[in-house]
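Engineer: Got a predicted structure plus its sequence, pasted below:
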Amino acid sequence: MQRADAFIDIDSTTAIPAFRDFAQAAERPVTEDGDALVITLHRGSLTITGEAGKTRLRLDSPDKVALQLGRDLLAQKLAEQGLTPHWQEDLAGRQPGNQSRGRVVSVTRLSPSYSRVVIEGPDFARFDEGGLHFRLLFGPEGAGWPETDAAGATCWPGGMAAWHRPVYTTRAIETDGAAARITFDVFRHEGGRVTEWCDRAGPGDAIAMTGPGGSALPQMRGWMGLVGDETAMPVMIRILEAMPPETRGEAVLFVPDRADIQKVRHPEGVTLRWALRGTDETPRTALEALAVPAEDRYVFFAGEKSQALEMRASLSERGLKKGEFMSAAYWS
């Protein structure tokens with residue numbers, strides 16, 4: 001567990017009701033422990049107590065990633081009220097707890113529409129747990145990497161809006177203690193900042209990333225149905241290769257070019273079909289055509305935002321319940 005303690009210059013008789021209101025608005029569970037208010041966060045908790053005309057804050061988190069996210073959230077909400085948390089330790093100029101830095105190993109043009117990138121770093125092994133995704137960090141020209149400010153929050157050179165933070169899926173990871181080598185695939189598109197980066201990046205180039213985040217591997221069921229567009233191919237392949245040998249189901253993966261088709265390990269009972277763009281078939285029609293069984297099932301759809309929202313409603317209308325499907329928006 002990770003812990004951080006701070007105080008704010010405001011009496012707890014004012015602060016605690018305000019924190020209670022915040023928690024209720026955010027739909028976060030709240031409990032009372034004597035004179036303390038405890039708010040359950042997404043990962044960890046925030047405890048608020050009074051102390052001699054001030055308010056004491058304590059963040060408890062399972063790891064340094066969650067602790068950094070808690071600090072960032074707390075600093076943001078307090079700044080909106082003109083307040084700054086005073087931490088017990090000097091935090092200015094540090095590497096944020098949810099950020100990792102490493103180097104490019106290689107960049108390869110995999111096919112007409114995809115590049116494959118291999119990176120490594122001294123603490124990348126943490127990306128082997130939790131969510132399947134991470135964010136690469138691309139800042140303004142000449143900007144250094146983000147660091148923490150005196151309040152312990154992430155400070156983005158040039159402002160956060162100046163940073164491009166695309167999400168990618170860990171395609172494969174090889175760990176060696178805390179260090180690891182990560183492979184991920186980039187869907188190429190004209191004018192894309194990461195596409196252009198792939199064309200000029202080379203071994204030894206510095207990179208930074210945050211995460212892991214997003215969803216983990218879905219709970220495997222007896223029958224699995226997968227439909228994804230070009231941007232979703234890496235996560236779809238990751239799921240296919242993680243399926244138990246006895247799994248049954250169907251997967252439809254869309255690619256722009258026949259040369260983009262990859263060899264994928266998957267159970268014999270799962271039919272994998274590649275669909276080419278430019279035909280009458282779309283991710284939407286492919287999903288609607290799945291013969292989903294009545295039980296022991298899971299459906300995963302990923303694609304454009306408006307279509308993902310539409311497919312989420314469609315799957316609910318077909319009788320799939322929470323925990324039996326996911327419809328993820330990968331772009332808009």
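Structural biologist: Noted; the coordinates are in hand.

Engineer: from what I can see Arg103 touches Val118, true?
Structural biologist: No: checked against Cβ atoms under 8 Å, the pair Arg103 and Val118 is beyond contact range at 10.1 Å. For glycine as for every other residue, the C-beta is placed from the backbone atoms N, C-alpha and C.

Engineer: Among the two, which residue is more densely surrounded?
Structural biologist: Counted by other Cβ atoms under 10 Å, Arg103 and Val118 do not tie: Val118 has more neighbours, with 17 against 13.

Engineer: Could you spell out the sheet neighbours of the helix or strand where that one lies, each with its direction?
Structural biologist: Assigned by DSSP states H and E, Val118 belongs to strand 114-121. Strand 114-121 has the following strand partners under DSSP bridges: strand 99-111 (antiparallel), strand 179-187 (antiparallel).

Engineer: quick one: it to chain centroid distance?
Structural biologist: 17 Å (Cα atoms, centre = their mean, to the nearest Å).

Engineer: where along the stretch 51-200 of the chain do the strands fall?
Structural biologist: Remark: strands assigned in the stretch 51-200 of the chain by DSSP state E, counting those that start in this stretch are 54-61, 86-87, 99-111, 114-121, 133-136, 147-148, 154-155, 167-169, 172-176, 179-187.

Engineer: Please identify the deepest-packed of the ones you listed.
Structural biologist: The highest average neighbour count among these, using mean count of other Cβ atoms under 10 Å, belongs to strand 133-136 at a mean of 22.

Engineer: Mean pLDDT and distance to Gly211 for the strands of the stretch 51-200 of the chain - can I get that in JSON lines?
Structural biologist: JSON lines is the format used below for the strands of the stretch 51-200 of the chain (pLDDT from 0 to 100; distance: least, Cβ to Cβ, whole Å):
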{"stretch": "strand 54-61", "mean pLDDT": "94", "distance to Gly211": "15"}
{"stretch": "strand 86-87", "mean pLDDT": "88", "distance to Gly211": "24"}
{"stretch": "strand 99-111", "mean pLDDT": "97", "distance to Gly211": "8"}
{"stretch": "strand 114-121", "mean pLDDT": "97", "distance to Gly211": "12"}
{"stretch": "strand 133-136", "mean pLDDT": "95", "distance to Gly211": "3"}
{"stretch": "strand 147-148", "mean pLDDT": "94", "distance to Gly211": "17"}
{"stretch": "strand 154-155", "mean pLDDT": "94", "distance to Gly211": "13"}
{"stretch": "strand 167-169", "mean pLDDT": "94", "distance to Gly211": "8"}
{"stretch": "strand 172-176", "mean pLDDT": "94", "distance to Gly211": "12"}
{"stretch": "strand 179-187", "mean pLDDT": "97", "distance to Gly211": "11"}
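
Engineer: Could you provide those strands in TSV, with additional columns for distance to Gln262?
Structural biologist: Formatted as TSV, those follow (distance: least, Cβ to Cβ, whole Å):
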stretch	distance to Gln262
strand 54-61	38
strand 86-87	47
strand 99-111	8
strand 114-121	8
strand 133-136	19
strand 147-148	39
strand 154-155	36
strand 167-169	14
strand 172-176	13
strand 179-187	9
